[in-house]
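# got a predicted structure here, sequence first:
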Amino acid sequence: EEDVLASLLSSTTANGCTALMLACEAGAAPVVEMLLQRARRCCFEQKASSTSKILPVAQRLLLAKDRKGRNAAHYAAMNGSSQCMEPLIVEGKAFTLPNLVDPECDPSLATSTPLLLAALNGHENCAIALVHAGATLHHAHRTSGHRALHHAVRLREHALLHLIVQKSLEEAIPASSPDYQSRGDDSPANDEATTHPAASISNPLNSKRSRLFIDAPTSDGDTALLLAARQGCLSTICLLLEAGADPNIGTRHVKENTKRLCRGIPAGTVLSQAMANARNEDVLSIVQCLVRHGCRIDDEKDRFCLIPRIGNDQREVVTTLLSSPAARGAGPLTLQQTLLYAASIHNNTAIVAVRLLLEQSKRQQEEQPDIDDDQRLQQETTKTTLLKDALLRSIRSKNDEVIRLLLAHGAPPNSVVTKPSGIPELNPSCSS
């Protein structure tokens, strides 16, 4: 009788599916528990087809794979039933848990681990159960390069994201280290602190191993922080930055950038993506968080990130960027284009932007090493032309305060005389 029962439990369909796989696919948790209970009662041991080992029936059921290399945990993850996943994890703890949650699949089929399937399909509770069971976080899909971290950010699964980040920090720090023991109530044993969406990571440990995991790119070159910036999600951006994500990462090569644009994938840095996609009420908080973690303006990719904020009169955002070390990464071209745009706008933010841009340009000029007379003459000519153009734009916009600033920083007054037609005369108060 036990032989017959073991044969029935181990029998498969034409696709290699066992009864346990079909029950997990259907989300029938009582059937899953019944099949595992009957398998434990079988004392008969059946030989595994792929190895010479003798395996118990329950273990064979858990390790059995279909023709696509998927086991019962894959089917439970695709269905998203945590009630089906939990009996599998409990049963697998005795002998086969690593092979259950991180099975070796056929490379030619590019199948994913159960954790990747659960995260991809938005089954947050099932993915959390797998992470607690010890599923490896570093596994990436063989074609897309997505990890569970990327899926959690993309689908805004905040509880799973907090848990993945917490686990990555714990893996980077040995449990016996003083830093790990000093965490106190924030230890991984506190399940509520690691799974609740509002949970925060205290004392983030920006180790090299943790940063490599947080900044791991997909096949399209997107990191988790870039995906969060593209969504404009304030809480996710702050969480990843606290975990050690690089705020200056982005598409670094022109060829790669061209390929991404041809495939419809937006390019740029975290700063430009966040400022373009975040809600207006969240932009300031995101910029402050990025600046606090060492973000800098990229002269090639963030050239126009300030222009919309000047036009929308977002004074605090512009002030935060231009008065912080982030502006030190901006080159002359970025400063020139932003200055010309700000000079053509008539609002309070434009006045602040022009003042800060002129101070930043002067600071960069002072920090330059000694140059010869020809280079100095060329710089002065370029500066005079820029200030002249900015002065003409400010006259068009009738921004008297900007005109005063430009004249005080060396704009040639005779540009008013040589102005094109249609530009109003300068007010007497300004000419003084």
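Everything's here; your move. Numbers count the residues shown, from 1 in each chain.

# now residue 403: which helix or strand?
In this assignment (DSSP states H and E), residue 403 forms part of helix 400-408.

# ok now stretch 19-29, how far from the chain's centre?
Taking C-alpha atoms, centre = their mean, to the nearest Å, the mean C-alpha location of stretch 19-29 is offset from the chain mean by 35 Å.

# and the contacts of it?
Outside stretch 19-29, the residues that touch it by C-beta atoms under 8 Å, 6 or more residues apart in numbering are 8-9, 11, 13, 17, 31-32, 35-36, 61-62, 64, 66, 70-73, 75-76, 78-81, 83-85, 87-88. C-betas here are computed from N, CA, C, even on glycine.

# which among those count as buried?
Buried subset of the contacts of stretch 19-29 (neighbour count, 16 or more other C-beta atoms under 10 Å): 9, 17, 31-32, 35-36, 61-62, 64, 66, 70-73, 75-76, 78-81, 83-85, 87-88.

# list the contacts of the closest residue to residue 140 other than its chain neighbours.
With sequence-adjacent residues excluded and distances taken as C-beta to C-beta, 6 or more residues apart in numbering, residue 140 is closest to residue 147, at 4.9 Å. Residue 147 makes contacts with 116, 137, 138, 139, 140, 141, 216, as judged by C-beta under 8 Å, 6+ apart.

# secondary structure and pLDDT added to those, as CSV?
Below are the contacts of residue 147 laid out as CSV (DSSP: H, G, I helix; E, B strand; the rest coil; pLDDT from 0 to 100):
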residue, secondary structure, pLDDT
116, helix, 90
137, coil, 87
138, coil, 85
139, coil, 85
140, coil, 86
141, coil, 84
216, coil, 89
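
# thinking again about what came up before, state the mean pLDDT of the helix holding residue 403.
In this model, helix 400-408 has a mean pLDDT of 90.

# run the chain-centre distance for it.
Using C-alpha atoms, centre = their mean, the offset of helix 400-408 from its chain centre is 41 Å.

# give the buried residues for that helix.
Of the residues in helix 400-408, 400, 401, 402, 403, 404, 405, 406, 407 count as buried by neighbour count, 16+ other C-beta under 10 Å.

# same question, stretch 127-139
For stretch 127-139, the neighbour count (16+ other C-beta under 10 Å) marks 127, 128, 129, 130, 131, 133, 135, 137, 139 as buried.

# which among those gets closest to residue 364?
Nearest to residue 364 among these: residue 137, at 42.5 Å, using C-beta to C-beta.

# which phi and psi does the closest one have?
Phi and psi for residue 137, reported as degrees, to the nearest 10, are phi -80, psi -20.

# assess the claim that it and residue 151 are in contact.
No: judged on C-beta atoms under 8 Å, residue 137 makes no contact with residue 151 at a distance of 11.5 Å.

# and the pLDDT for residue 171?
pLDDT, the model's per-residue confidence, is 71 for residue 171.

# which elements pack onto the helix or strand encompassing it?
In this structure, residue 171 is located in helix 158-172 according to DSSP H and E. Here helix 158-172 touches helix 124-133, helix 148-154, helix 191-195, helix 208-214, helix 234-242, going by 3 or more C-beta pairs under 8 Å, 6 or more residues apart in numbering; DSSP states H and E.

# what would those look like in CSV with distance to residue 364 and mean pLDDT?
Listed next are those as CSV, based on distance: least, C-beta to C-beta, whole Å; pLDDT from 0 to 100:
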stretch, distance to residue 364, mean pLDDT
helix 124-133, 47, 91
helix 148-154, 36, 93
helix 191-195, 45, 36
helix 208-214, 30, 71
helix 234-242, 27, 93
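
# most packed of the ones you listed?
Per residue and on average, the most neighbours among the helices and strands packed on helix 158-172 fall to helix 148-154, with a mean of 26 (mean count of other C-beta atoms under 10 Å).

# show residues contacting that one.
Contact with helix 148-154 is made by 115-116, 119-120, 127, 131, 135, 137, 139, 157, 160-161, 164-165, 168, 213-214, 216, 218, 222, 224, 227-228, 231, 233, 236, 240, as judged by C-beta under 8 Å, 6+ apart.

# how about a cut-off of 7 Å?
Applying C-beta atoms under 7 Å, 6 or more residues apart in numbering, the external contacts of helix 148-154 come out as 115-116, 119-120, 127, 137, 160-161, 164, 218, 224, 227-228, 236.

# closest to residue 335 out of those residues?
Closest to residue 335 out of these is residue 228 (28.3 Å), distances taken as C-beta to C-beta.

# who touches that closest one in this structure?
Neighbours of residue 228 in contact, by C-beta under 7 Å, 6+ apart: 153, 236, 237, 240.

# so how far is residue 76 from the residue nearest to it when sequence neighbours are not counted?
Counting by C-beta to C-beta, 6+ apart, the nearest residue to residue 228 once its immediate chain neighbours are dropped is residue 236, at 4.0 Å. Distance, residue 236 to residue 76, using C-beta to C-beta, to the nearest Å: 27 Å.

# kindly report the same for residue 143.
Residue 143 sits 23 Å away from residue 76, going by C-beta to C-beta.
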